[in-house]
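1. kindly return the folded structure for what I paste below:
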Amino acid sequence: MPPGVTINLPKNSKIKAEWVVPSSSIEVKTKDEIIFDIDLKGNPWIGIDGIYLFNPLKRTIFSVSSPIKDFAFLETGEFVVATGEALGYLLPSESSSKLKFLPILNLPSGSPKLFPGEGLTLYISIWREKDKLTEVYRLREEKGKPIAEKFLTIKNKVNDICEGQSGIYIAIEKGIFKIVPDEITPIQPIFRHKEEIKEIECDSKKGIFYVTINRIGYLDSQKSFDFGHVPNVEIKVKEDSLFIFFTKTMGVIKIKGVENFSKSFSEDYKTLKNEDNNEN
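-> Numbering: from 1, shown residues only. This next block holds a predicted model:
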């Protein structure tokens, strides 16, 4: 493990952890924020300095023609990219070794982030620093036709969005909120941590993995708990696996069997639950 990292997993369970990409022994320094996602084959892809796409398993690296702000793999396999101005795809170029950006949708001014939903659904958040405002748009397909709609406007920065079986969840500051558009109170708080929640990932069993500045944890309708100390990481859930990416050392851990996460931790719940910082 990188220095300062601990991950607690229950013994004698179906939950197993393995290194997909071993961490580097030295810290990797980059100019811009690193982007991370997992494709449908379980390959990690890393965006570096907005101009490089790196697959550490295949030792493959591509350069791109336009600076990338974010990218995402949809459930259907499509790879979509956001620049500061547009959403689009990357295509080979006949005149250059760089991948060419093909815009398909102009984006409002601001800092874009992409969050895949079910199927072809994609959520796009636009953070407008000057106004301290986030606008969230939802792109989806209905009866074979693409639909784009403004889904949410909120006077705060949305750190992450995930779509679960029972709703849509957003991470704002130290809380996780559920969005129920047809209710009288459309945004409902469901969880609060003592640290800022940087990222959330919904699993297939109505649970949510979360990452704070220093912790990784899990919550469902029954309980919530931290299970590791992991500074500087990003996470992704693909099928039955949780991927943990160490942004400083470029390592990737795969935790398999997460559909049994809540049940496997049931016996250790009282020792793992942080009663001083979790409210559910």
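
2. where does pLDDT dip in the stretch 1-150 of the chain?
-> Of all residues in the stretch 1-150 of the chain, none has pLDDT under 70.

3. for residue 27, give me its contacts.
-> 248-249 (C-beta atoms under 8 Å, 6 or more residues apart in numbering). Using the backbone N, CA and C atoms, a C-beta is placed for each residue, glycine as well.

4. same question for the one 4 residues further on.
-> By C-beta under 8 Å, 6+ apart, the contact list for residue 31 reads residue 49.

5. so it is in which element?
-> Assigned by DSSP states H and E, residue 31 belongs to no helix or strand.

6. tell me the spacing between it and residue 235.
-> Residue 31 is 23 Å from residue 235, where distance means C-beta to C-beta, to the nearest Å.

7. same question for residue 12.
-> In this view, residue 12 and residue 235 are 24 Å apart by C-beta to C-beta.

8. of these two, who's got more company?
-> Higher neighbour count among residue 12 and residue 235: residue 235, with 22 against 7, using other C-beta atoms under 10 Å.

9. what's the host helix or strand of that one packed up against?
-> In this structure, residue 235 sits in strand 233-238 according to DSSP H and E. Judged by 3 or more C-beta pairs under 8 Å, 6 or more residues apart in numbering; DSSP states H and E, strand 233-238 is in contact with strand 35-38, strand 197-202, strand 208-212, strand 241-246.

10. please tabulate those strands in CSV, including the columns mean neighbour count.
-> Shown next, in CSV, are the helices and strands packed on strand 233-238 (neighbours: other C-beta atoms under 10 Å):
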stretch, mean neighbour count
strand 35-38, 22
strand 197-202, 21
strand 208-212, 23
strand 241-246, 22
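
11. closest to residue 48 out of the ones you listed?
-> strand 35-38 (8.1 Å; C-beta to C-beta).

12. what's the end-to-end length of stretch 49-64?
-> End-to-end distance of stretch 49-64 (C-alpha to C-alpha, to the nearest Å): 11 Å.

13. check the offset of that stretch from the chain's centre.
-> In terms of C-alpha atoms, centre = their mean, to the nearest Å, the centre of stretch 49-64 is found 19 Å from the chain centre.

14. what residues does that stretch touch?
-> 20-21, 30-32, 43-48, 67-69, 71, 81, 90, 97-99, 101, 250, 252.

15. part of a strand, is residue 263?
-> No: read with DSSP: H, G, I helix; E, B strand; the rest coil, residue 263 is helix and lies in no strand.

16. so what pLDDT did it get?
-> The model reports residue 263 with a pLDDT of 81.

17. quick one: residues contacting residue 92.
-> If you count contacts by C-beta under 8 Å, 6+ apart, residue 92 has them with 99-100.

18. for it, grab phi and psi.
-> Torsion angles at residue 92 (phi, psi; degrees, to the nearest 10) stand at phi -60, psi 150.

19. renumber starting at 179 from here on
-> Got it, the first residue is 179 from now on, which makes the last one we talked about residue 270.

20. and the gap between it and residue 240?
-> For residue 270, the distance to residue 240 - C-beta to C-beta - is 10 Å.

21. could I get the full set of helices for the stretch 229-378 of the chain?
-> With DSSP state H, counting those that start in this stretch, there are no helices along the stretch 229-378 of the chain.

22. ok so, going back, and the helices and strands packed on strand 411-416: which comes nearest residue 181?
-> When the helices and strands packed on strand 411-416 are ranked by proximity to residue 181 (C-beta to C-beta), strand 419-424 comes first, at 10.7 Å.

23. and the helix or strand following that closest one with strand 411-416, angle?
-> Counting by DSSP H and E, the next helix or strand C-terminal to strand 419-424 is strand 429-434. Interaxial angle, strand 429-434 versus strand 411-416 (axes from the mean of the first three to the mean of the last three C-alpha atoms, to 10 degrees): 40 degrees.
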